[in-house]
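Novice: generate coordinates for the sequence data below:
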Amino acid sequence: MTNTERTMLSEHFMLYEMTRSGVAADHDLPNRPDTKQTEALRALCQHVLEPLRRRFGPIVISSGYRSPAV
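Specialist: Presented below is the predicted three-dimensional model:
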């Protein structure tokens, strides 16, 4: 995991959770959001996922961001 992937988007969610992809890893495909997309992911985490987590407890993200290449 890179330092960028360790970026916290909210209290409980890292950029890595939103971008990890077995397909991207297996096929060496780029799967990195740009600044605008990262800010959209941050808003999702802060305004949607964190409230869900507070209400229902920890959740697992299986798909957050996928680049066009993936």
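Novice: contacting residues around the spatially most central residue of the chain?
Specialist: With distances taken as Cα atoms, centre = their mean, residue 18 lies nearest the centre of the chain, 1.5 Å away. Residues near residue 18 by Cβ atoms under 8 Å, 6 or more residues apart in numbering: 9, 33, 41, 45, 61, 64-65. Where you see a C-beta, it was placed from the backbone N, CA and C, and this is true even at glycine.
Novice: cool, residue 31 as well?
Specialist: Residue 31 is in contact with 19, 21, 24, 65-67, 69-70, counting by Cβ under 8 Å, 6+ apart.
Novice: quick one: secondary structure of the residue nearest to the centre of the chain?
Specialist: Following DSSP: H, G, I helix; E, B strand; the rest coil, we place residue 18 in the helix state.
Novice: which non-adjacent residue is nearest it?
Specialist: Spatial nearest neighbour of residue 18, excluding adjacent residues (Cβ to Cβ, 6 or more residues apart in numbering): residue 64 at 3.1 Å.
Novice: ok so the one you found is a helix residue?
Specialist: No - counting by three-state DSSP, residue 64 is not part of a helix but coil.
Novice: pLDDT at it, what is it?
Specialist: pLDDT recorded at residue 64 is 91.
Novice: looking at this structure, which residue reaches furthest from the middle?
Specialist: No residue in the chain sits farther from the centre than residue 55, which is 20.0 Å out by Cα atoms, centre = their mean.
Novice: pull the residues that contact the helix or strand hosting it.
Specialist: Assigned by DSSP states H and E, residue 55 belongs to helix 50-56. When contacts are defined by Cβ under 8 Å, 6+ apart, helix 50-56 is touched by residues 10-13, 59.
Novice: so for that helix, what gets flagged as buried?
Specialist: Under the neighbour-count criterion of 16 or more other Cβ atoms under 10 Å, helix 50-56 has 50, 53 buried.
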